[in-house]
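Asker: Quick one: sequence and predicted model below, then my questions.
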Amino acid sequence: MNLEHSQKRSPVPYKYVFQGSVLHIHLQIVAKTYAVLAPYREAGVESVCFWYGERQEQREEVKAVLIVDQENNPGNFRVIPESMMHVAKLFGSFGWTNLAQIHTHPGRDVEHSRYDDVYVNSRRAVSLVLPSYGAPERQFMTSIGVHEYQDYWYLLSPDDKVRRIVTDDNASEGAVIDVRTYRLG
Ligand SMILES: [Zn+2]
C-alpha cells in the first residue's frame, strides 16, 4: 500500500526567494474548484485538478479549472496521463498554460509528501494542497499549502504565499473544463 502521508519529507532550510510572479485568481474559480472536487471528498479519497490560464511576464491569470481522468485513493491519487495530453495541446492553442496543480489531503497537513514531490505534474506551475479532502474553507488562502519549485518544492511561508497568489475580483470568473470519461458520484 502506498499511503502518501506515511512518506514525510526530510526538513530543509527555507531558502525560497520570491521571484515576482503573481497568480491572480477570482474567488468564483476557487468555488468552482471546491465544487468539482466535492464528489471525491464525499467518497473519502484524494483528488486533483489544474488551473490553466495566461502567463504574461510576471502576471498569471487563471482562466479555467481542468479536471481529467484520475485514480483516487484515501491516501493518494494518480492522473491518467492520456487524459491530459490532448487538452494541453488545445489550451496551448489558446495561449493558456498550466499555472497550478491542486490536490487534496485527508487532514489538516497541507505540506507536500515525498510522493507529491515526485509525481507533481509540472515544476513550472505552483502546487496547491487543500486540506480535509477539499472541504470549502472560508479562509481559502489561510487554509491551503502553496508550493513552488526552486530546486526543491518549498512550502511557502504565510507571507510568501499571499505574495505569490492573490484573489482578484477583476480576474476571469473562469470555466470548468471537464474531460473525464469516468466520474465518481
Ligand atoms: Zn499530497
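Answerer: Looks like it came in fine. The model shown is predicted, which means the values in this text are computed figures rather than measured ones. Numbering: from 1, shown residues only.

Asker: For the closest residue to residue 35 other than its chain neighbours, give me the backbone phi and psi.
Answerer: Nearest in space to residue 35, with sequence neighbours left out and distances taken as Cβ to Cβ, 6 or more residues apart in numbering, is residue 176 at 7.8 Å. Where C-beta positions appear, they are placed from N, C-alpha and C, glycine not excepted. Backbone dihedrals for residue 176, given as degrees, to the nearest 10, come out at phi -100, psi 130.

Asker: again with residue 63
Answerer: Torsion angles, degrees, to the nearest 10, at residue 63: phi -110, psi -20.

Asker: and the one residue in the chain that gets nearest to the ion, what helix or strand is that in?
Answerer: At 4.1 Å from the ion, residue 116 is the closest residue in the chain, using Cβ to the ion. Taking DSSP states H and E as the definition, one finds residue 116 inside helix 114-119.

Asker: in that helix, what counts as buried?
Answerer: By neighbour count on 16 or more other Cβ atoms under 10 Å, the buried set for helix 114-119 is 115, 116, 119.

Asker: of all those residues, which comes closest to residue 127?
Answerer: Taking Cβ to Cβ as the measure, residue 127 lies nearest residue 116 of these, at 7.0 Å.

Asker: That closest one contacts residue 127, doesn't it?
Answerer: Yes - with contacts defined as Cβ atoms under 8 Å, residue 116 counts as touching residue 127 at a distance of 7.0 Å.

Asker: Fine by me, thanks again.
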